[in-house]
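In: Could you work out the structure for the sequence below:
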Amino acid sequence: MLGFPANNFKGQEPGSDSEIAGFCSTTYDVHFPLFSKISVLGVDQHPLYAELTAAKPAATGDGPFRERLKGYGVNPEKQADVLWNFEKFLLSRKGEIVARFAPDVAADDPRLLSAIDAELTKTA
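Out: Residues are numbered from 1 along each chain as shown. Okay, here's the model as predicted:
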């Protein structure tokens, strides 16, 4: 598990890297590595997210979340755009992008757990 903070979503992560790490640790009990804040959308999109979204332009579970965002005036420009914080990408042991999950797919969602288990059973 790796975290890449981004402030692309209604200014939810405006702080410094250390402020974000402290908030995530105390609020969400995060113990996985958090990297420096990057942009996941727009003209300054980080190359990592350009690759991730190009390889998996659709996310499992994004329909309901996408519709809910419209109610808040958030309408992603492209179908492949990251919708919100907590969007998840699953990579294989070889670094291949094998799945993508919408922000409202929880960490204990059976679809996510099943995909992780399937990858873990594969040999390198």
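In: low-confidence ranges in the protein?
Out: The chain contains residues with pLDDT under 70 at 124.
In: so where do the helices sit in it?
Out: Assigned helices in the chain, in chain order: 17-28, 47-55, 62-70, 110-121 (criterion: DSSP state H).
In: Give the buried residues for the last one.
Out: Residues of helix 110-121 classed as buried under the neighbour-count rule (16 or more other Cβ atoms under 10 Å) are Leu112, Ala115. The C-beta positions use only the backbone N, C-alpha and C, and glycine is treated the same way.
In: Alpha carbons of it, as CSV, please.
Out: In CSV, the C-alpha atoms belonging to helix 110-121 read as follows (Å, rounded to 0.1, in the frame of the first residue of the first chain):
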residue,chain,number,x,y,z
PRO,A,110,-15.0,-8.2,-1.4
ARG,A,111,-14.2,-7.0,-4.9
LEU,A,112,-11.0,-5.4,-3.8
LEU,A,113,-10.0,-8.2,-1.4
SER,A,114,-10.7,-10.8,-4.1
ALA,A,115,-8.5,-9.0,-6.6
ILE,A,116,-5.7,-8.7,-4.1
ASP,A,117,-5.9,-12.3,-3.1
ALA,A,118,-5.9,-13.4,-6.8
GLU,A,119,-2.7,-11.4,-7.4
LEU,A,120,-1.0,-12.7,-4.2
THR,A,121,-1.6,-16.3,-5.3
